[in-house]
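Asks: Quick one: sequence and predicted model below, then my questions.
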Amino acid sequence: MATKTLDDLGIDAEAVEEALSRDMTFPARWYSDPGIYAFELDHIFTRSWAYAGPLAKLTHPGDHIVCHAAHVPILVTRDKDGEVHAFINVCRHRAFPVAVQDGNRSTLQCAYHAWTYNLDGSLRAAPRSERERCFNREEFSLLPASVETWNGLVFVNPDPEAPSLREFYPELFPLAQERALDFQDYRYHDRFTYEIPANWKVWVENASECYHCPTIHKNSFSDAFDDRADVYEYVDGNRVLGQFTAYNARAKTYAHPARDGDRQFRYIFVWPFTTLVQDDWVAFPGVIVPTGPETCRFIADMFVHPEVSSEQADEWVEMWNQTIIEDTEAVLLQQPGLRSQMVPHGRLMPASESAIARFHRMVWESFSEALAEE
């Protein structure tokens, strides 16, 4: 069955292994092919953890967060007893969402036909259900998903039986502690949403290296931070990637006097969708939402350190916003080249792009695991 699936996808496993072993990229076709994307939907996205939102949005009973784990709509609630739940945000009647934005409600009601659910996901009422034969409300609760909280953040997984965050990402917690990546003392500032005109893997690859920083980000990120190869540090783990560097002592616009104890720039990518970014003034968790074979969405929740002035906060949040806009413009020009497939493989530069090579292995390992289950 696995061989048939490989054939269906047009994948030559030996050729993929050979290319990766020679520091080549995935086949260009993998960045636009609807069949590859559909396979990822079924076998990667529906079993993966993703950042959902700030835990501060679930302070009170009735608070809820509307989010996505890739293409799967998810709703997170805090019930009247203080327990946090996650559900597939799909009404059991005819698939309308039961909530469309973050907020606070004592119950959750689908706006299509007014099916109403309790905060624990149980069906409370379905109009006219008394006229139906053998209608049992207990059979139509919202479908559960997995949810965990860590570091002031909420994470979700569409799989209700998913391994815990600590089981799935054993490297994340010691790495975050070692590098002082901690959002809990930062205050929420604003949410930024970017429509990305490229395949989700292109966006991850772009974020996984700073080889492009001196050219693409010379007036934003590279003005704020030191992008020199002998200073910039990569940590390539199993399901976690890290990047770390110092403030740029030569900064013209975004000068930041480093203090004793500052950890400066730290970045952790959590397979396959989540990015955690922090400096000593601004921090932002982000999530990638694949929206099609050649598009995705990036959502970033900006936080600022409580000791930073409003002016400084706005300045550095704008620096990050400008950095992400520049990345968006870069992948906009990159995606057509991949779609053309005229260059079937790119050549990675492992001394500067080791994290991309590791990311490719993450994808290929997930493909291989899924194919073995077929």
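Replies: In hand now; what should we look at?

Asks: Using the record's assignment, carve the protein into domains.
Replies: Structural domains assigned to the chain are 50-157, 171-363, following automatic domain parsing.

Asks: Turn the ones you listed into CSV, including mean pLDDT, distance to residue 14 and mean neighbour count.
Replies: Backbone N, C-alpha and C define where each C-beta goes, glycine included. CSV is the format used below for the domains of the chain (pLDDT from 0 to 100; distance: least, Cβ to Cβ, whole Å; neighbours: other Cβ atoms under 10 Å):
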stretch, mean pLDDT, distance to residue 14, mean neighbour count
domain 50-157, 97, 29, 17
domain 171-363, 96, 14, 18
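
Asks: Switch those domains over to CSV; also include distance to residue 41.
Replies: Compiled in CSV, those are given as follows (distance: least, Cβ to Cβ, whole Å):
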stretch, distance to residue 41
domain 50-157, 6
domain 171-363, 8
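
Asks: The ones you listed: which one's closest to residue 12?
Replies: The closest of the domains of the chain to residue 12 is domain 171-363. By Cβ to Cβ, the value is 11.9 Å.

Asks: gap between the closest one and the chain center?
Replies: What separates the centre of domain 171-363 from the centre of its chain is 12 Å, taken as Cα atoms, centre = their mean, to the nearest Å.

Asks: now stretch 46-55
Replies: Averaged C-alpha coordinates place stretch 46-55 at 7 Å from its chain's average position (Cα atoms, centre = their mean).

Asks: got the CA coordinates for it in CSV?
Replies: Written as CSV, here are the backbone C-alpha positions of stretch 46-55 (Å, rounded to 0.1, in the frame of the first residue of the first chain):
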residue,chain,number,x,y,z
THR,A,46,-4.5,16.9,11.6
ARG,A,47,-2.0,15.4,14.1
SER,A,48,0.1,18.4,14.9
TRP,A,49,0.3,20.9,17.8
ALA,A,50,-0.2,24.6,16.9
TYR,A,51,-0.1,27.9,18.9
ALA,A,52,-3.7,29.0,19.5
GLY,A,53,-3.4,32.3,21.4
PRO,A,54,-2.4,34.0,24.7
LEU,A,55,-3.5,32.3,27.9
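
Asks: hang on, the earlier thing: among the domains of the chain, which comes closest to residue 39?
Replies: Using Cβ to Cβ, the nearest of these to residue 39 is domain 171-363, at 10.8 Å.

Asks: Look up the closest residue to residue 62, ignoring the ones flanking it.
Replies: Distance criterion Cβ to Cβ, 6 or more residues apart in numbering; nearest residue to residue 62, sequence neighbours excluded, is residue 104 at 4.4 Å.

Asks: quick one: contacts for that neighbour?
Replies: The neighbours of residue 104, taking Cβ atoms under 8 Å, 6 or more residues apart in numbering as the test, are 60, 62-64.

Asks: one step back: residue 372 is nearest to which of the domains of the chain?
Replies: Comparison of these against residue 372 by Cβ to Cβ identifies domain 171-363 as nearest, at 15.1 Å.

Asks: and the closest one, how far apart are its ends?
Replies: In domain 171-363, first residue to last residue: 18 Å (Cα to Cα, to the nearest Å).

Asks: do stretch 224-240 as well
Replies: So stretch 224-240: terminal residues 24 Å apart, Cα to Cα.

Asks: One more: stretch 262-279?
Replies: End-to-end distance for stretch 262-279, by Cα to Cα: 8 Å.

Asks: just stretch 170-181 next, same as before
Replies: For stretch 170-181, the first and last residues are 16 Å from each other (Cα to Cα).

Asks: what sits up against that stretch?
Replies: If you take Cβ under 8 Å, 6+ apart as the criterion, stretch 170-181 is touched by 150-151, 165-166, 182, 235, 237-240, 242, 244, 263, 266, 268, 270, 276, 278.

Asks: rerun at 7 Å
Replies: 151, 166, 235, 237-238, 240, 242, 244, 263, 266, 268, 270, 276, 278 (Cβ atoms under 7 Å, 6 or more residues apart in numbering).
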